[in-house]
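Colleague: no sequence on this one, just coordinates:
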């Protein structure tokens, strides 16, 4: 696979990753195979259907490798995986990379357009999925041959004598959330994924005694990172394919999950359910949150109510776990910012656009499959342009918003992230997000969408609370739309602002006096 339009990271920087033990240090066999030899009976994975010991998982992967090799999967072979969050999907991923192949990952919630997009970018030799997903997505003879997960597990032979794959070569493709544009195909190597996993493991102080609760798709970078960090550590991974606050809280408690990583909305819903049921203790010792600006009250609540240690992570599909809370950080520091650079990571804000964060480090992806996506994504020296705004002070990062996530009202720029954060602190607000809409008088106006736990408050009451929370008057929304159901989100937990805006019509709303005056009598 050749990626074009990606400026190289300087050779001395890459050599620094190797010298520091961040690259090329671990063979693939140092993970699953070693753990299966050390603790064969220990549970490695638990999904909704069953628990898998390390010995069983290793055996199933070895059989899947034999099956895939028989199907022609070899070094550099792309294989499409359309996966629910189940143990069989973890087996398929591990088998592909042990064949030297490239796992092209899509979540079970994907649509036909996502499949067409993936296959348009890569000529996949095979697609692995379930019968139900094959039928729903209309995978036909026009595409690659389809293999079901159970065919891997039923293969009669096992193959373990595979050569170690090149840790620097393309090994996995994940797709960005597409919140601001079409999804981009981000290519990772074993080195970059493992660097992200090691960063997360350090921040969580993960040990073999831990059990991680994963409700983020295995097809996401968050999912792949947690698959690697738990198995490499000999820990246990709990897979929750269908997250629902009540049942997921029960399962988290029954499985004695000690750590949880993912989007803030997951822990917010679990906390609300615990409060509703008057649950006062949880087995969690640490939570690792990222993927969006994290509401500070959630972090404070974790500490004060349950004694859980919050870990903040800044990263993306392209640069997983680039900064994290340090284990030595006190609680007040953990709440205040987005942490310190992981080993080998560098941050800069002197790129083409003032204040835009640039990232370079051992977990930086290799590039996008589509060369057009690479054109504006990098600057010389191999720095990745994140599209995020932030500040770096005394080695600590504070993310302040997204470059594209602003509303320009009468020429004044309003950060959507800032208003989101203020709205999240309001009483009875369960979810909140804002967006801009065209306005003939001001160019754009700000709309706030909220879901409350109680009756809808008045427009004046909400804007008054926002003022009390410290939001400047010129940043107040001029329209508030009330939702009774959860806001639409990506599989990784990010709110889809465009989908929220598109579904606003017909919902109860409150408006500023200017807008009410403009309505026909």
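Modeller: Cool, got the structure. This structure is a prediction, so every number in the text was calculated from the model and none was measured. Numbers count the residues shown, from 1 in each chain.

Colleague: which residues in the stretch 251-400 of the chain form strands?
Modeller: 259-262, 286-289, 309-314, 323-324, 340-341, 346-348, 356-360, 367-368, 378-379, 383-393, 396-402 (DSSP state E, counting those that start in this stretch).

Colleague: could you give the average pLDDT over the second one?
Modeller: Strand 286-289 comes out with an average pLDDT of 93.

Colleague: neighbouring contacts of it?
Modeller: Outside strand 286-289, the residues that touch it by C-beta atoms under 8 Å, 6 or more residues apart in numbering are 200, 203-205, 258-264, 267, 298-299, 302, 308-313, 324. (C-beta placed from N, C-alpha, C; glycine too.)

Colleague: now do the fourth one
Modeller: With contacts defined as C-beta under 8 Å, 6+ apart, strand 323-324 is touched by 199-200, 202-203, 288, 311-315, 338-342, 345, 347, 397.

Colleague: point out where this structure drops to low pLDDT.
Modeller: 177-181, 291-294, 411, 518-521 (pLDDT under 70).

Colleague: quick one: the strands in the stretch 1-150 of the chain?
Modeller: Under DSSP E, counting those that start in this stretch, the stretch 1-150 of the chain gives strands at 43-46, 51-53, 78-83, 102-107, 126-129, 146-148.

Colleague: got the strands of the stretch 251-400 of the chain as a markdown table, with distance to residue 481 and mean neighbour count columns?
Modeller: Shown next, in a markdown table, are the strands of the stretch 251-400 of the chain (distance: least, C-beta to C-beta, whole Å; neighbours: other C-beta atoms under 10 Å):
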| stretch | distance to residue 481 | mean neighbour count |
| --- | --- | --- |
| strand 259-262 | 27 | 27 |
| strand 286-289 | 26 | 24 |
| strand 309-314 | 30 | 25 |
| strand 323-324 | 34 | 28 |
| strand 340-341 | 38 | 20 |
| strand 346-348 | 36 | 17 |
| strand 356-360 | 30 | 22 |
| strand 367-368 | 35 | 25 |
| strand 378-379 | 38 | 20 |
| strand 383-393 | 26 | 19 |
| strand 396-402 | 21 | 19 |
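
Colleague: for these, give me a markdown table that also has distance to residue 146.
Modeller: Shown next, in a markdown table, are the strands of the stretch 251-400 of the chain (distance: least, C-beta to C-beta, whole Å):
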| stretch | distance to residue 146 |
| --- | --- |
| strand 259-262 | 30 |
| strand 286-289 | 35 |
| strand 309-314 | 36 |
| strand 323-324 | 39 |
| strand 340-341 | 43 |
| strand 346-348 | 43 |
| strand 356-360 | 37 |
| strand 367-368 | 26 |
| strand 378-379 | 36 |
| strand 383-393 | 35 |
| strand 396-402 | 38 |
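
Colleague: quick one: closest of the ones you listed to residue 502.
Modeller: strand 396-402 (19.2 Å; C-beta to C-beta).

Colleague: name the residues of the helix ranked longest in the chain that are buried.
Modeller: When the chain is parsed with DSSP state H, its longest helix is helix 54-70. In terms of neighbour count (16 or more other C-beta atoms under 10 Å), helix 54-70 has its buried residues at 54-69.

Colleague: what's the answer for stretch 344-355, then?
Modeller: Neighbour-count burial for stretch 344-355, counted by 16+ other C-beta under 10 Å, picks out 344-345, 347, 351.

Colleague: residue 491: which of these is nearest?
Modeller: residue 345 (25.8 Å).

Colleague: verify the contact between residue 64 and residue 154 for me.
Modeller: No: applying C-beta atoms under 8 Å, one finds residue 64 not in contact with residue 154, separated by 10.1 Å.

Colleague: quick one: contacts of stretch 395-404?
Modeller: Against stretch 395-404 from outside (C-beta under 8 Å, 6+ apart): 180, 293, 314, 323, 336-341, 347, 353, 355-357, 387-392, 415-418.

Colleague: can you pull the phi/psi pair for residue 74?
Modeller: phi -140, psi -170 (degrees, to the nearest 10).

Colleague: for it, what are its contacts?
Modeller: Counting by C-beta under 8 Å, 6+ apart, the residues that residue 74 touches are 99-101.

Colleague: next: residue 33.
Modeller: Contacts of residue 33 by C-beta under 8 Å, 6+ apart are 58, 160.

Colleague: now do 7 Å
Modeller: Residue 33 makes contact with residue 58, according to C-beta atoms under 7 Å, 6 or more residues apart in numbering.

Colleague: just the one 3 residues further on next, same as before
Modeller: In this structure, residue 36 makes contact with 54-55, 57-58, judged by C-beta under 7 Å, 6+ apart.

Colleague: for residue 469, state which of the residues you listed is nearest.
Modeller: Nearest to residue 469 among the contacts of residue 36: residue 57, at 48.2 Å, using C-beta to C-beta.

Colleague: and the gap between that closest one and residue 218?
Modeller: Applying C-beta to C-beta, to the nearest Å, the value for residue 57 to residue 218 is 14 Å.

Colleague: can you check residue 196 too?
Modeller: Residue 196 sits at a distance of 15 Å from residue 218 (criterion: C-beta to C-beta).

Colleague: quick revisit: adding distance to residue 17 and mean neighbour count, write the strands of the stretch 1-150 of the chain out as JSON lines.
Modeller: Below are the strands of the stretch 1-150 of the chain laid out as JSON lines (distance: least, C-beta to C-beta, whole Å; neighbours: other C-beta under 10 Å):
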{"stretch": "strand 43-46", "distance to residue 17": "28", "mean neighbour count": "22"}
{"stretch": "strand 51-53", "distance to residue 17": "33", "mean neighbour count": "18"}
{"stretch": "strand 78-83", "distance to residue 17": "26", "mean neighbour count": "25"}
{"stretch": "strand 102-107", "distance to residue 17": "22", "mean neighbour count": "26"}
{"stretch": "strand 126-129", "distance to residue 17": "32", "mean neighbour count": "24"}
{"stretch": "strand 146-148", "distance to residue 17": "36", "mean neighbour count": "19"}
